[in-house]
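Enquirer: Generate a structure from the sequence data that follows.
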Amino acid sequence: MTEPEVHEGLAHWLSLLAADAELSPYLVGVDRDRLTAHLARSLTTAPGGGTLLGGWGGLGWSEAQHRRALNYLARLLQASDEPSAASPAVSADQFWAAVEVRCPGLLPGREAPLVHAALARLMTRGDDRAGRLALLAVLGRAYRRYGLRPTHAATLQKALGASKGWERAWRLVQWAADRVGDGPAWWPVEVLDHDRAGDGLAILTVRPWRRLPFRPGQAVPVCTPRRPGRWRWLCPANAPRPDGTLELHVRALPAGSVSTSLVQEVRPGELLWLGPPVDTGLHLRDGDLLLVAGGTGLAPLRALVEQVAAAPDGRRVILVVGARTVADLYDAIALDKLQCAHDWLTVVPAFSQDPLAEPGERGDALTVALDHLGQQEVYLCGPPAMLAGSRLRLLAAGVPAARIHLPERIPWR
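Expert: Numbering: from 1, shown residues only. Reported below is the predicted structural model:
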């Protein structure tokens, strides 16, 4: 495996562990960078994975749990050894030409490269579950948008040069088409502004060529031509604006080729694509709000604040924003402007590793938020380590389950 493949595989493996109810609690507070570095070294020296965690003593798994984690890894290693089912010799132009010969007018020439790249990526099975679902959200919409039918499967397969795994991939596309509803499969957007808001973090302002119908709290698949066929979920950080622009907060992840490209490579004037918006469970409800954000999990919660600001109804909103230090509080200026403009909004920073922070601002975001707990609807959004166990902590603090709102593990309903 190449180094990028190793890091991508490890990210996928960790996502599987985070989705496992038995194993995910052991990842709370784990230094992911150290763990990933250890795993990368182990994959180099022990490709079979049998001793992968032998030198890592920070998880505390039982022998049975260790075997369970290794089973996840074994499946990933087996999948990585399978040859690609899509022939790299088939270009997007060749793909469209082959489809056009067999089914004239089936795919518009301008859209065919996106379909080609997405199908080819799906065939490689190289994404984690979230990435595959983002990809399928787009392909499912394309299936409906262009009137694809089961009879078109053979045409697309031949045009793609696909063999092994095609039937499974096609079934997934049909499955997605039954769930995504109608509408465009993607929206071209222009990058208007690219602000490096912190170390490994960027705020992108983009303008769709045609208005994107989304609601605050939703997630959209995002793709850059620099990484064709790879779609990743991002949540707009704003409520719909008159000019149609969206703000995207992106953190570059060690194994995230799309996020790294968006942060380090993309520049104003470039083209991106956004897929169909999908609910995440973070839509606005009645009553006062306690919003708890960690990292770029701030984005959908800030969008909810803007939604309240567009139609104030007397509710009170407390937004707790978690960061390690003052320097990591990347959206401070925008938050200050919101708080100064609205007397019903209180923004509270929470610093987990800053000894100079005020007493009421020390600790992780949820710990600080519990000091402001009343009868509010409570929303949390942030990295997996922040969300793990948060529901239990809120229940223990007396918050009814119906008033606890966390993003769905995968933005898909």
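Enquirer: So what's the residue count around the closest residue to Arg324 other than its chain neighbours?
Expert: Distance criterion Cβ to Cβ, 6 or more residues apart in numbering; nearest residue to Arg324, sequence neighbours excluded, is Gln353 at 4.4 Å. The C-beta positions use only the backbone N, C-alpha and C, and glycine is treated the same way. Close neighbours of Gln353, defined as other Cβ atoms under 10 Å, add up to 11.
Enquirer: helix or strand for Gln353, which one?
Expert: Assigned by DSSP states H and E, Gln353 falls within no helix or strand.
Enquirer: quick one: low-confidence ranges for the stretch 51-200 of the chain?
Expert: Counting by pLDDT under 70, the stretch 51-200 of the chain shows low-confidence ranges at 51-61, 63, 71-72, 74-89.
Enquirer: that older thread, so how far is Ala293 from the residue nearest to Arg324?
Expert: Distance of Gln353 to Ala293, computed by Cβ to Cβ, to the nearest Å: 17 Å.
Enquirer: Surely His66 is in a helix?
Expert: Yes - His66 forms part of a helix when assessed by DSSP: H, G, I helix; E, B strand; the rest coil.
Enquirer: Leu282 reaches His405, doesn't it?
Expert: Yes - with contact defined as Cβ atoms under 8 Å, Leu282 reaches His405; the gap is 6.1 Å.
Enquirer: Mutual contacts of the two, please.
Expert: Here Leu282 and His405 have Tyr379 as joint contacts, going by Cβ atoms under 8 Å, 6 or more residues apart in numbering.
Enquirer: Who has more neighbours out of those two?
Expert: When neighbours are counted by other Cβ under 10 Å, Leu282 and His405 differ, and Leu282 comes out ahead with 26 against 20.
Enquirer: so who does the more buried one touch?
Expert: Gly217, Gln218, Cys235, Pro300, Leu301, Leu304, Tyr379, Cys381, His405, Pro407.
Enquirer: Just give me the residue closest to the centre of this protein.
Expert: Trp233 (3.4 Å; Cα atoms, centre = their mean).
Enquirer: State the phi and psi torsions of that one.
Expert: phi -80, psi 140 (degrees, to the nearest 10).
Enquirer: quick one: contacts for the residue nearest to Asp364 when sequence neighbours are not counted?
Expert: The shortest distance from Asp364 to any non-neighbouring residue, by Cβ to Cβ, 6+ apart, is to Ser352 (4.9 Å). Ser352 makes contact with Gly322, Ala323, Arg324, Arg362, Gly363, Asp364, Ala365, according to Cβ under 8 Å, 6+ apart.
Enquirer: Quick check: the residue sitting furthest away from the middle of the chain vs Leu338, distance?
Expert: Going by Cα atoms, centre = their mean, the residue of the chain most distant from its centre is Val101, 37.3 Å out. Plainly put, Val101 is 55 Å away from Leu338 if you go by Cβ to Cβ.
Enquirer: Could you point out the longest strand of this protein?
Expert: Looking across the chain with DSSP state E, the single longest strand is strand 187-198.
Enquirer: Residues touching that one, excluding its own?
Expert: Taking Cβ under 8 Å, 6+ apart as the rule, strand 187-198 contacts 202-210, 212, 245-246, 249, 263, 266-275, 327-328, 330-331.
Enquirer: Now do whichever helix or strand comes after it and strand 187-198, the angle between them.
Expert: Downstream of strand 187-198, the next assigned helix or strand under DSSP H and E is strand 201-208. Counting by axes from the mean of the first three to the mean of the last three Cα atoms, to 10 degrees, strand 201-208 points 160 degrees away from the direction of strand 187-198.
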